[in-house]
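Enquirer: Sequence and predicted structure, then a few things I'm wondering about:
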Amino acid sequence: MPQGPLLFSPYDIRGVRLKNRVVISPMCQYSAVDGMAGDWHFAHLARFALGGAGLVFAEATAVECNGRITHGDLGIWSDAHVEPLKRIATFLKAHGAVPAIQLAHAGRKASMQRPWHGNGPLDDTDRARGEDVWPVIAPSAIPMDAGWLMPQALTLDEIGRLRASWKAATQRSIDAGFEVLEVHGAHGYLLHEFLSPLSNQRTDRYGGSFDNRIRLALEIVSDVRSVWPADKPLFFRVSSVDGVDGGWTVEDSIALARQLGPLGVDVMDCSSGGLLGSATAARVKRYPGFQVPYAAAIRRESGLPTMTVGLILEPQQAEDILRQGEADLIAIGREALRNPHWTLHAEEALGVDNEYASWPVQTGWWLDKRKKSLAPRLEAHR
């Protein structure tokens, strides 16, 4: 058993070492122009490296232009997207974080409003801002809900083209300098739509049985792994349950993980819900760590390492999850937005005393000096 908190023990995956088990989850910022990363994305992600996280994910990044959720989503469907992302990855690495990217296609949940514009289907108010709808695709011609765009069911030829887009995006991710790649198969986006029997009513080899519904996910993982270097880790994000009667279950997620491992997936990123409604909507009661049981079950039954996410708020909570063998990595999302230095503060909370050595030197020396100057005064008031 390693000395000190497990949360701050290194974690090796293939040829990549994470300095700790804290991961910044992909969080869409809806602030790109034509899919291009800008200063906002740089500042948004850079603060998490400065805040001590071991692995930092860029947001869901579209493999095709029409695969964006909103007009403001990041993309990697052209070579022009590489350099702005490379600037971010280079900075993250320079400051001790491993840079990661999540590749995605929104499927029938594309052509949506930015959350602060309503988080629904694009309408006339969006058109007035110059943000018009675009055609959306899905496994079957089933809209997400009443009032949403009717998707076009993918043909077999279009599925082949889509697979090629994932491979090309993977190569660009290498060119941009990312060290970890995640395939987004969750939250009601395209691959999740294929997985769930509620959204996939195809009658060909991509629909019907469990094996048929997972076929595209397996093919895309194989395509990505054929390009992604053998010494770099590959994650797969799954909505562990749909949380809807007749939908995808945790048993399905376990069965999927058992097939993904031999194809080269190293970590299952265990989220939930999103098939209907906003990205993380689920008919699952929310409480601190509400998705941890899914990560624990998938880890235990499939043998694959897991990453857990969702209302992990306190350092001791994260440490306990690791100590109990419920997950291998801890993903922090909105709590890191509230406190980008969550990781460094967690070190203090868990008793790691390194005289601010984990902080960037530009700030750590100031804080250490302040601590030492305050110590006699604090002692005198005891």
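Expert: On my side now, so go ahead.

Enquirer: what about Pro293, neighbour count?
Expert: 14 (other Cβ atoms under 10 Å). The C-beta positions use only the backbone N, C-alpha and C, and glycine is treated the same way.

Enquirer: repeat for the one 3 residues further on
Expert: For Ala296, the neighbour count with other Cβ under 10 Å is 18.

Enquirer: show me the contacts for it.
Expert: By Cβ atoms under 8 Å, 6 or more residues apart in numbering, the contact set of Ala296 is 306, 308, 324-327.

Enquirer: from those, which is closest to Gly333?
Expert: Relative to Gly333, the closest of the contacts of Ala296 is Thr308; by Cβ to Cβ it sits at 11.3 Å.

Enquirer: Is it correct that the closest one falls within a strand?
Expert: Yes: using DSSP: H, G, I helix; E, B strand; the rest coil, the secondary structure at Thr308 is a strand.

Enquirer: can you pull the pLDDT of it?
Expert: Confidence at Thr308, expressed as pLDDT, is 98.

Enquirer: count of neighbours near it?
Expert: Per other Cβ under 10 Å, the neighbour tally for Thr308 reads 30.

Enquirer: correct me, but it touches Val292?
Expert: Yes: using Cβ atoms under 8 Å, Thr308 is in contact with Val292, at 5.0 Å.

Enquirer: Packing partners of whichever strand or helix holds Gln317?
Expert: In this structure, Gln317 is located in helix 315-323 according to DSSP states H and E. When contacts are defined as 3 or more Cβ pairs under 8 Å, 6 or more residues apart in numbering; DSSP states H and E, helix 315-323 packs onto strand 329-332, helix 342-349.

Enquirer: pLDDT below threshold where in this protein?
Expert: The chain contains residues with pLDDT under 70 at 1-2, 278-283, 377-382.

Enquirer: where exactly do the strands run in it?
Expert: Applying DSSP state E to the chain gives strands spanning 11-13, 16-18, 22-24, 55-62, 98-104, 137-138, 152-153, 180-185, 234-239, 267-271, 306-309, 329-332.

Enquirer: and the second one, how far from the chain's centre?
Expert: What that stands for is strand 16-18. Mean-position distance between strand 16-18 and its chain equals 17 Å (Cα atoms, centre = their mean, to the nearest Å).

Enquirer: still on that earlier bit, buried residues in the helix holding Gln317?
Expert: For helix 315-323, the neighbour count (16 or more other Cβ atoms under 10 Å) marks 315, 318-319, 321-322 as buried.

Enquirer: May I have the residues that are in contact with Ala176?
Expert: 76, 81-83, 85-86, 89, 101.

Enquirer: That one and Asp328: what is the separation?
Expert: Distance, Ala176 to Asp328, by Cβ to Cβ, to the nearest Å: 26 Å.

Enquirer: now the helices for this protein?
Expert: Ranges of helices within the chain are 39-50, 82-94, 124-128, 156-175, 190-195, 210-213, 215-227, 250-260, 292-302, 315-323, 334-338, 342-349, 361-380, based on DSSP state H.

Enquirer: okay, those helices in TSV with distance to Ser239 next?
Expert: Output for the helices of the chain, formatted as TSV (distance: least, Cβ to Cβ, whole Å):
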stretch	distance to Ser239
helix 39-50	24
helix 82-94	26
helix 124-128	27
helix 156-175	19
helix 190-195	6
helix 210-213	13
helix 215-227	12
helix 250-260	8
helix 292-302	9
helix 315-323	19
helix 334-338	18
helix 342-349	24
helix 361-380	38
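
Enquirer: Deepest-packed of those, please.
Expert: Stretch with highest mean neighbour count among the helices of the chain: helix 190-195 (a mean of 27; mean count of other Cβ atoms under 10 Å).

Enquirer: which other residues reach that helix?
Expert: Counting by Cβ under 8 Å, 6+ apart, 67, 104-108, 137-139, 162, 183-186, 199-200, 206, 213-217, 220, 238-239, 248, 252, 256, 274-275 sit against helix 190-195.

Enquirer: make it 7 Å
Expert: Contact with helix 190-195 is made by 105-108, 138-139, 184-186, 199-200, 206, 213-214, 216-217, 220, 239, 248, 274-275, as judged by Cβ atoms under 7 Å, 6 or more residues apart in numbering.

Enquirer: ok now it, how far from the chain's centre?
Expert: Using Cα atoms, centre = their mean, the mean C-alpha position of helix 190-195 is found 16 Å from that of the whole chain.

Enquirer: Kindly report the same for stretch 304-319.
Expert: Between the centre of stretch 304-319 and the centre of its host chain there is 14 Å, according to Cα atoms, centre = their mean.

Enquirer: What of stretch 8-24?
Expert: 16 Å.

Enquirer: Ends of it, what's the gap?
Expert: Terminal residues of stretch 8-24 are spaced 15 Å apart (Cα to Cα, to the nearest Å).

Enquirer: How about it, which residues are buried there?
Expert: Of all the residues in stretch 8-24, those buried under the rule 16+ other Cβ under 10 Å are 8, 11, 13, 16, 18-24.

Enquirer: For Ser373, see how far away the closest residue in space to Leu85 that isn't next to it in sequence is.
Expert: Leaving out its chain neighbours, the residue that sits closest to Leu85 by Cβ to Cβ, 6 or more residues apart in numbering is Ala176, at 4.1 Å. Ala176 sits at a distance of 43 Å from Ser373 (criterion: Cβ to Cβ).

Enquirer: now swap in Arg114 and tell me
Expert: 46 Å.

Enquirer: next one: Arg334
Expert: 35 Å.

Enquirer: try Asp245
Expert: Distance of Asp245 to Ser373, given as Cβ to Cβ: 62 Å.

Enquirer: cool, Tyr30 as well?
Expert: For Tyr30, the distance to Ser373 - Cβ to Cβ - is 43 Å.
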